[in-house]
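Enquirer: compute the structure for the input listed below.
(3 chains)
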Amino acid sequence: MELTARDIATYLNGELEGNPEVKVSGFARIEQATAGTLCFLANPKYEDWLYKTKADVAIISRTFKLREAVPYTIVWVDDAYRSIAAMLDLYAAQNAVKRTGREHHSHVSWRAKLGKGCYVGAYAYIAKGATVGRNVKIFPHVYVGDNATVGDDTILYPGVKIYPGCRVGQRCILHAGAVVGSDGFGFAPDENKRYQKIPQIGNVVVEDDVELGANTCIDRATMGSTIVHSGVKLDNLVHIAHNVEVGRNTVMAALNGIAGSTKIGEGCMFGGQAGIIGHLTIGNNVQLAAKTGVTSNIKDGEIHMGCPNLPASTYRRSFVLFKNFSSLQAKLLELEKEVHSLKSAGGQ
Amino acid sequence: MELTARDIATYLNGELEGNPEVKVSGFARIEQATAGTLCFLANPKYEDWLYKTKADVAIISRTFKLREAVPYTIVWVDDAYRSIAAMLDLYAAQNAVKRTGREHHSHVSWRAKLGKGCYVGAYAYIAKGATVGRNVKIFPHVYVGDNATVGDDTILYPGVKIYPGCRVGQRCILHAGAVVGSDGFGFAPDENKRYQKIPQIGNVVVEDDVELGANTCIDRATMGSTIVHSGVKLDNLVHIAHNVEVGRNTVMAALNGIAGSTKIGEGCMFGGQAGIIGHLTIGNNVQLAAKTGVTSNIKDGEIHMGCPNLPASTYRRSFVLFKNFSSLQAKLLELEKEVHSLKSAGGQ
Amino acid sequence: MELTARDIATYLNGELEGNPEVKVSGFARIEQATAGTLCFLANPKYEDWLYKTKADVAIISRTFKLREAVPYTIVWVDDAYRSIAAMLDLYAAQNAVKRTGREHHSHVSWRAKLGKGCYVGAYAYIAKGATVGRNVKIFPHVYVGDNATVGDDTILYPGVKIYPGCRVGQRCILHAGAVVGSDGFGFAPDENKRYQKIPQIGNVVVEDDVELGANTCIDRATMGSTIVHSGVKLDNLVHIAHNVEVGRNTVMAALNGIAGSTKIGEGCMFGGQAGIIGHLTIGNNVQLAAKTGVTSNIKDGEIHMGCPNLPASTYRRSFVLFKNFSSLQAKLLELEKEVHSLKSAGGQ
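Expert: Numbers count the residues shown, from 1 in each chain, chains lettered A, B, ... in the order given. Sure, this is the predicted structure:
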């Protein structure tokens, strides 16, 4: 891909400042950019790099004001992050793997259905009764269990495991090692305190446009379905327990753990390593800071931190005091001394 | 499966209230139940659903008292959770996969032993010297390393990896992507602060009736064995380090991490994302709240929370004060003012 | 392997105390040792076992002083941990798997390059354009994507997945289920609050002498590279996000999560379940206690704890007060009473 600054400005409907003829042939982060590359600035943390980058073209949001002249060409846009995403989409579309067909040593049961335009890599296993839609990419070492379904245009990266009876929607992306449909963690202690397994006869339903990170695990329901609604994005190593429901367009960073039967609303954002205990209800558009440990229901739109969770403002205020705890204690001891000296002075 | 309420009551030795002839053909959660299904109530959180459920039969613990009449048939039992488990067992037994035999493209070394009645899926790999018991189910993409052993009636779901020399007992269930026997994390810095690997020449012993969740990892011992005793249940994405010992019937929720050489007693229950540092001793029947970070030994039967861990009652008491920290600070400042005004009044 | 105490002392350049002719044929932990075994003492926590162990030979650091006579032979050394490591190396070298060659049903593209002396297990998949160095061990179910490279003497355990275009250096060890190169977690919300994927067109570069634990995941960069520098050791189930850089010889215990674009220095040590938010800079030789949640930059050599992170000494001091919070509150209430009685006494 070789583009001029003018091409880029035209494609993005941006405003050009500098030489429109300069050419770039690749993307780079602003702090790593070399000659011949295109970079962008969206996060103000990297603003200083505007004056140091070696890129030939930069996409910058109009909200930024330059403090000094820069030697490269600028394409001013409304939202640099979305603009670079658009450029990356263009690049990715041109470079997309157009692999189709079945490789040797793949296993597709004659009682499975496979749509047109699929790729099935070597050592992939599609069990009997499974239904795979059109243009699905199934990489090596993927397992699709009995009667499972996979929707059109979905990508299953190497080593993804989908247990029997589970359903994955259209345009989903499941990264390497992701597991859909392992048994929920359900046991009942017997009279000898040994745990007897509760059979987990439900399934997992992953709707459309969901992305699951590498080695993320979603357990099947005890009965009924564990549901991941459309547009949900889960990062790597996330755990979703049995009978959980994750609302549309909710995103969770890596290493989140959601315990059984908890219901999470739409449009939520959870930082890394957050966790929620079982049987709770989390509203829509809830935000959790990284490492939050939720032990109570949360209402729509609230932002929580800490473990057990508190509204972020409460937590932050208390944490500042926690940090300065010893000065507060010192003040208390000082006061104690003063009171005692007052008492002596008063002859008490 | 179609059963009458009378069949269910008879099977569970329960007491029938309502129409004994009504038929059900499936299970459902109380809040999702439709006509023709059987539901149950064990968790008081869902009690309100007793008056709203659409199920035709409900299994309820005798300890519940109904506030109003319900239109469906009730089977009263001592313990609804165990009763529904029994019903699910019945269902699961009827629907169990009775697969046996070796699929094409599975690899079983001629120097491995395989008991009667096993299933070995395509692309499974059983290395030389491995010993697999009777009626073992080995799904596709499983790896059983050199000289490893797997006991009778165990299930290895797709992608399970058992390293050489490790032992897995009878009636175990290992979910997709679980790893048994990866190297312990042992390094010694040399004079240049580079870490030299300490060879990990021990193994992992997983005893009988153990369940390991998806993508859970158990490291082999530096020397000797990392031991997971019988009846232990580990949820998804749990990490057990080298030379750890987990006592009988201990259960850990997802994303727990247990560091090297720590010894955990029997009958413990750990909430999600808990962790324990290395070389500690945790007693029997210890409970850890979710996200507890244990840095000191814990005695039998104690319940701990927080990081570093504190007895739960201490932690809760302190946390309430933490939450109201700013009002406590306000009170201190108020007091300070009063003391100063007292001092002025006293002419000091 | 059968060695006399004299052989061991000579090999380690240690000082012998006791019978030089006694023979050992295996290694054991000091608390589990039986007759005929060699044990060691490096961690003072296990000192009591010196007087109880059944080992025939013990390697002990010279810094220890025996409180009483022991019946076995001692080899005194400068550093028992490094000495036992040397003994284990000797043992491991003698027992190392010298497997080479390709097993049946492995897939090596004719457009891939494979160096001399490699082992490629059954069901391993090496895609077109991939370059694998010499003496690389590729176990069953490994995936090496298009144009990926793997350096000499590296070991890829069963089920490792390396995405297209990623680079793994020499003498690396990747444990079962480790994933290198899954997409970074990058999305931009559109006007309907649905997340649009930002294509992740960068790669992952893992330099030499790196060890990755089981099921650890390293995401590819949005653009440029996620870099794991040489000598880094990551334990099981660690998450490294896109565009992170991990400095030389840094070690992280299990279940760490490092968010996007964070830059970590050299020689750092992170306890288990620690996490760092995105776009931060962590200096060299930084230490994080287990479960630390880092939300701000950290300077060279600092030790941090808590969430949000504080210098360890600050955190510990505040935590002691937190633990005794209720006594502090009691003191405050007591003081309040006294002040009020003073006020009354003063006629105010």
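Enquirer: for residue A:318, give me its contacts.
Expert: Residues near residue A:318 by CB atoms under 8 Å, 6 or more residues apart in numbering or on different chains: A:310, B:322-326. Where C-beta positions appear, they are placed from N, C-alpha and C, glycine not excepted.
Enquirer: who's in contact with the top helix by length along chain A?
Expert: Determined from DSSP state H, the single longest helix within chain A is helix A:325-345. Defining contact as CB under 8 Å, 6+ apart, one finds that helix A:325-345 is touched by A:321, B:329, B:332, B:335-336, B:339, B:342-343, B:346, B:348, C:317-318, C:321-322, C:328, C:331-332, C:335, C:338-339, C:342.
Enquirer: ChimeraX command for the buried members of those residues?
Expert: Command for ChimeraX, covering only those of the contacts of helix A:325-345 found buried under the criterion 16 or more other CB atoms under 10 Å in any protein chain shown:
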select /A:321 /B:329,332,335,336,339,342 /C:317,318,321,322,328,331,332,335,338,339,342
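Enquirer: is any residue of the helix or strand that residue A:40 is a member of near chain C?
Expert: Take DSSP states H and E as the rule and residue A:40 turns out to sit in strand A:37-41. No: legend: contact between strand A:37-41 and chain C by CB under 8 Å from any CB of the partner chain is lacking; minimum distance shown is 8.5 Å.
Enquirer: show the average pLDDT along the following helix or strand past that strand.
Expert: With elements assigned by DSSP H and E, the helix or strand that comes after strand A:37-41 is strand A:57-61. Mean pLDDT, computed over strand A:57-61, is 94.
Enquirer: which strands or helices does strand A:57-61 pack on?
Expert: On a contact count with 3 or more CB pairs under 8 Å, 6 or more residues apart in numbering or on different chains; DSSP states H and E, strand A:57-61 meets helix A:5-12, strand A:37-41, strand A:73-77, helix A:80-95.
Enquirer: run the chain-centre distance for the last one.
Expert: For helix A:80-95, the separation from the chain centroid amounts to 19 Å (computed by CA atoms, centre = their mean, to the nearest Å).
Enquirer: mind giving me the packing neighbours of it?
Expert: helix A:5-12, strand A:26-27, strand A:37-41, strand A:57-61, strand C:187-189.
Enquirer: kindly report the same for the second one.
Expert: Counting contacts by 3+ CB pairs under 8 Å, 6+ apart, strand A:37-41 packs against strand A:26-27, strand A:57-61, helix A:80-95.
Enquirer: and the ones you listed, which is most packed in?
Expert: strand A:57-61 (a mean of 24; mean count of other CB atoms under 10 Å in any protein chain shown).
Enquirer: in its sheet, what does that strand sit against?
Expert: strand A:37-41 (parallel), strand A:73-77 (parallel) (DSSP bridges).
Enquirer: quick check: angle from it to helix A:80-95?
Expert: 130 degrees (axes from the mean of the first three to the mean of the last three CA atoms, to 10 degrees).
Enquirer: neighbouring contacts of strand A:57-61?
Expert: A:5, A:8, A:12, A:14, A:22, A:24, A:30, A:37-42, A:50, A:70, A:72-81, A:83-84, A:87.
Enquirer: switch the cut-off to 7 Å
Expert: The contact list for strand A:57-61, computed with CB atoms under 7 Å, 6 or more residues apart in numbering or on different chains, reads A:5, A:8, A:22, A:24, A:38-42, A:72-80, A:83-84.
Enquirer: select only the buried ones of those residues in PyMOL?
Expert: Entered in PyMOL, the line below selects the buried ones among the contacts of strand A:57-61, by 16+ other CB under 10 Å:
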select buried, chain A and resi 5+8+22+24+38+39+40+41+42+72+73+74+75+76+77+79+80+83+84
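Enquirer: any chance of CSV for the strands paired with strand A:57-61, columns mean pLDDT?
Expert: CSV is the format used below for the strands paired with strand A:57-61 (pLDDT from 0 to 100):
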stretch, mean pLDDT
strand A:37-41, 92
strand A:73-77, 96
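Enquirer: how about the residues of the stretch 51-200 of chain A near chain C?
Expert: A:81-82, A:85, A:88-89, A:91-92, A:105, A:122-123, A:140-141, A:158-159, A:175-177 (CB under 7 Å from any CB of the partner chain).
Enquirer: try 6 Å this time
Expert: A:81-82, A:85, A:88-89, A:92, A:122-123, A:140-141, A:158-159, A:175-177 (CB under 6 Å from any CB of the partner chain).
Enquirer: for chain B, what are the nearby residues on the stretch 151-300 of chain A?
Expert: A:161, A:177, A:179, A:182, A:185, A:187-188, A:193-195, A:198-199, A:215, A:217, A:223-224, A:239, A:257, A:259, A:275, A:277, A:279, A:293.
Enquirer: gap between the two ends of stretch A:143-150?
Expert: One end of stretch A:143-150 sits 12 Å from the other (CA to CA, to the nearest Å).
Enquirer: let me redo that: stretch A:5-22
Expert: Stretch A:5-22: ends 6 Å apart by CA to CA.
Enquirer: give me the mean pLDDT for that stretch.
Expert: Here the average pLDDT along stretch A:5-22 is 94.
Enquirer: returning to what we had before: for residue C:300, find the nearest of the helices and strands packed on helix A:80-95.
Expert: Closest to residue C:300 of those, according to CB to CB: strand A:37-41, at 28.2 Å.
Enquirer: what about that closest one, distance to the chain center?
Expert: 24 Å.
Enquirer: I'd say residue A:196 and residue A:190 touch.
Expert: Yes: counting by CB atoms under 6 Å, residue A:196 touches residue A:190, with 5.4 Å between them.
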